[in-house]
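Engineer: have a look; sequence and predicted model below, questions after that.
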Amino acid sequence: MRKRRVLSLTLAILLSLCLSGCENDGKERDGGVKEITELTVCMDSSSELVDWANFFSDLQRACRGRNLPVKLKAVTFPESAAERESKISAVQTEIMAGKGPDLFFVSCYDPLLYPPQQQLFMEPERVMQAGVFLRLDELLEQSRTLDLSQCNETVMEAGRREEGRFLLPVSYEIPLVILDGSMLKDTESAQMTAQDAVDSGDELVGQAFRSTVFASCSAMFGKLADYDAGKLLISQEELSKGMKLLCSMPEESGFTSGLLAYGTANYAFSAQAFLRENAAPVCMAVCNNTGGVTATVTQFAAINSNTDNPETAFSVLEALLSEELQGAGSWRFGSTGIGLSVNDSLMQDMMNQHPYAGAEGFDDRQVTAEEAGKIQKICSMVNAVNFKTELDGDLYALYLACRGRPDSEIEAEVKEAYRKMLMKVAE
């Protein structure tokens with residue numbers, strides 16, 4: 001598990017930053033003085049590697065380059081759990097009172113963080129349902145810079161409801177493994193479901209699947225819940241079967257010579273995985289029970305429906321989501337470990353900024369176009385998308401409870417876990 005390490009000094013610097021926008025594009029007040037719009041941007045991430053102070057400076061610079069007549073103020077959350085919860089509660093109260101930040105650029109809940117960390121929006125889909133976010137369709141139609149056709153279409157659809165699009169996923173995770181093909185019984189298969197991993201009879205494949213999925217069990221299934229209907233989209237029987245299959249696979253005990261890398265793509269698909277001596281790397285998708293890949297949104301952007309300046313807020317959102325900010329500089333998807341960029345054109349660049357680049361013992365070789373194409377192919381297999389929520393934490397806790405237990409006891413654990421998950425979705 002990862003431990004959050006956010007420097008208080010960085011936050012202090014961040015909170016003190018603001019932008020005095022250019023005046024040649026603003027509305028004129030009486031007397032010909034240009035009007036500057038003040039906007040508040042709420043920024044937060046579950047990754048301890050994000051340098052928010054530099055990112056906010058980059059955002060300011062991008063707004064200046066676009067001649068946006070804005071003055072930006074940052075809202076972030078403290079490191080201390082108690083102070084963080086207090087600040088989040090205050091912001092939530094402002095939103096319910098018809099106020100709050102104009103823009104949000106925030107993380108989803110991460111069940112693997114220790115200690116657990118509250119997020120501003122623990123259930124983004126339920127928040128969309130409640131009308132907290134502004135509908136973006138008309139603004140997107142008029143945009144000259146935001147082209148969603150360059151993004152993973154299936155992942156982007158996660159921000160849409162029947163009434164329209166209310167949030168924009170910014171990053172996501174997909175599960176995969178990289179294996180030494182010389183040690184595989186079958187090198188033709190480029191994907192595997194839980195059932196495939198068990199049926200293969202290949203200990204390495206089973207070990208790889210379990211090692212990848214145990215901390216993100218939703219990867220075995222498709223979409224978990226329908227918050228509009230207040231119901232789970234997986235049955236208790238499906239959950240029970242998945243847990244039994246997972247627990248029947250061999251456990252990973254340290255990296256074997258055949259298991260080169262595993263986990264979410266931003267970590268697993270690191271350049272050094274291709275450098276192991278005597279390895280013939282095979283990149284294999286970890287699939288859900290339909291044979292597709294389940295993606296998990298980790299970061300998203302949205303506009304507060306309470307904002308008094310939706311057009312200006314959207315202009316800042318365009319700057320925030322530009323390749324200038326998302327593809328380089330302080331955000332750097334790969335190096336922050338936050339996930340894959342939804343912008344497909346940034347994928348190879350992201351992989352060349354992987355978390356281990358330059359670390360002791362790892363070669364810093366750049367990923368080739370052929371290697372990048374392998375992950376692009378897996379990304380195209382995404383057929384289900386979840387936002388990380390407490391349901392992921394429930395599945396992780398369920399796996400830990402089922403680990404090493406006979407099938408009869410697994411069924412009892414699943415029954416109780418399923419009941420609790422149902423209650424959460426139906427609230």
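Structural biologist: Okay, I see it. Numbers count the residues shown, from 1 in each chain.
Engineer: between the two ends of stretch 193-203, what distance do you get?
Structural biologist: End-to-end distance of stretch 193-203 (Cα to Cα, to the nearest Å): 15 Å.
Engineer: and what of stretch 283-290?
Structural biologist: First-to-last residue span, stretch 283-290, Cα to Cα: 19 Å.
Engineer: in that stretch, which residues are buried?
Structural biologist: By 16 or more other Cβ atoms under 10 Å, the buried positions in stretch 283-290 come out as 283, 284, 285, 286, 287, 288, 289. All C-beta spots, glycine's among them, are computed from the backbone N, C-alpha and C.
Engineer: flag the shaky bits of the stretch 51-200 of the chain, pLDDT-wise.
Structural biologist: Applying pLDDT under 70 to the stretch 51-200 of the chain picks out residues 187-189.
Engineer: show me where it has helices.
Structural biologist: Secondary structure of the stretch 51-200 of the chain (DSSP state H, counting those that start in this stretch): helices at 52-65, 81-96, 124-129, 137-142, 153-156, 194-199.
Engineer: just the CA atoms of the fifth one, as CSV, please.
Structural biologist: This file holds the C-alpha atoms of helix 153-156, laid out as CSV (Å, rounded to 0.1, in the frame of the first residue of the first chain):
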residue,chain,number,x,y,z
GLU,A,153,-14.4,7.0,-26.2
THR,A,154,-15.5,4.3,-23.7
VAL,A,155,-13.8,5.9,-20.8
MET,A,156,-15.1,9.4,-21.6
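Engineer: just checking, what packs against that helix?
Structural biologist: strand 168-173, strand 293-303, strand 382-387 (3 or more Cβ pairs under 8 Å, 6 or more residues apart in numbering; DSSP states H and E).
Engineer: mind putting these into TSV with distance to residue 152?
Structural biologist: Shown next, in TSV, are the helices and strands packed on helix 153-156 (distance: least, Cβ to Cβ, whole Å):
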stretch	distance to residue 152
strand 168-173	7
strand 293-303	8
strand 382-387	6
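Engineer: out of the ones you listed, nearest to residue 342?
Structural biologist: Among those, strand 168-173 comes nearest to residue 342, with 5.4 Å by Cβ to Cβ.
Engineer: what pairs with that closest one, parallel or antiparallel?
Structural biologist: Using DSSP bridges, strand 168-173 pairs in its sheet with strand 293-303 (antiparallel), strand 340-341 (antiparallel).
Engineer: and for that strand, what's in contact with it?
Structural biologist: 105, 136, 152, 155-156, 158-159, 216, 264-266, 295-302, 317, 321, 326, 333, 338-342, 385 (Cβ atoms under 8 Å, 6 or more residues apart in numbering).
Engineer: taking the buried residues of stretch 283-290 one by one, which sit in helices?
Structural biologist: Judged by DSSP state H, helices contain none of the buried residues of stretch 283-290.
Engineer: mind listing what the nearest residue to residue 128 once chain neighbours are set aside touches?
Structural biologist: In this structure, residue 128 finds its nearest non-sequential neighbour in residue 166, 4.6 Å apart by Cβ to Cβ, 6 or more residues apart in numbering. Taking Cβ under 8 Å, 6+ apart, we find residue 166 in contact with 128, 133, 134, 135, 136, 159, 160, 302.
Engineer: buried residues in the longest helix anywhere in the chain, which are they?
Structural biologist: With DSSP H applied, the helix covering the greatest number of residues in the chain is identified as helix 407-426. Of all the residues in helix 407-426, those buried under the rule 16+ other Cβ under 10 Å are 410, 411, 413, 414, 417, 418, 421, 425.
Engineer: for residue 64, state which of these is nearest.
Structural biologist: Taking the buried residues of helix 407-426 together and measuring to residue 64 by Cβ to Cβ, the closest member is residue 425, at 44.2 Å.
Engineer: report the contact partners of the closest one.
Structural biologist: 225, 226, 227, 230, 231, 232, 391.
Engineer: restricted to strands, list those.
Structural biologist: When DSSP state E defines the strands, the subset of the contacts of residue 425 inside them is 225, 226, 231, 232.
Engineer: give me the buried subset of the residues you listed.
Structural biologist: Buried among the ones in strands among the contacts of residue 425 by 16+ other Cβ under 10 Å: 225, 232.
Engineer: turn the ones in strands among the contacts of residue 425 into CSV, including distance to residue 239 and pLDDT.
Structural biologist: As requested, the ones in strands among the contacts of residue 425 are exported to CSV (distance: Cβ to Cβ, whole Å; pLDDT from 0 to 100):
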residue, distance to residue 239, pLDDT
225, 12, 95
226, 16, 94
231, 14, 95
232, 9, 97
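Engineer: first-to-last residue distance for stretch 227-242?
Structural biologist: Where stretch 227-242 begins and where it ends lie 22 Å apart, using Cα to Cα.
Engineer: that one: which residues count as buried?
Structural biologist: Buried-residue list, stretch 227-242, by 16+ other Cβ under 10 Å: 227, 232, 234, 236, 238, 239, 240, 241, 242.
Engineer: TSV for those residues, including distance to residue 35 and secondary structure?
Structural biologist: Shown next, in TSV, are the buried residues of stretch 227-242 (distance: Cβ to Cβ, whole Å; DSSP: H, G, I helix; E, B strand; the rest coil):
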residue	distance to residue 35	secondary structure
227	40	coil
232	50	strand
234	52	coil
236	58	helix
238	56	helix
239	56	helix
240	61	helix
241	61	helix
242	57	helix
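Engineer: return the member of these nearest to residue 180.
Structural biologist: residue 242 (26.8 Å).
Engineer: the closest one touches residue 220, doesn't it?
Structural biologist: Yes: using Cβ atoms under 8 Å, residue 242 makes contact with residue 220 at a distance of 4.6 Å.
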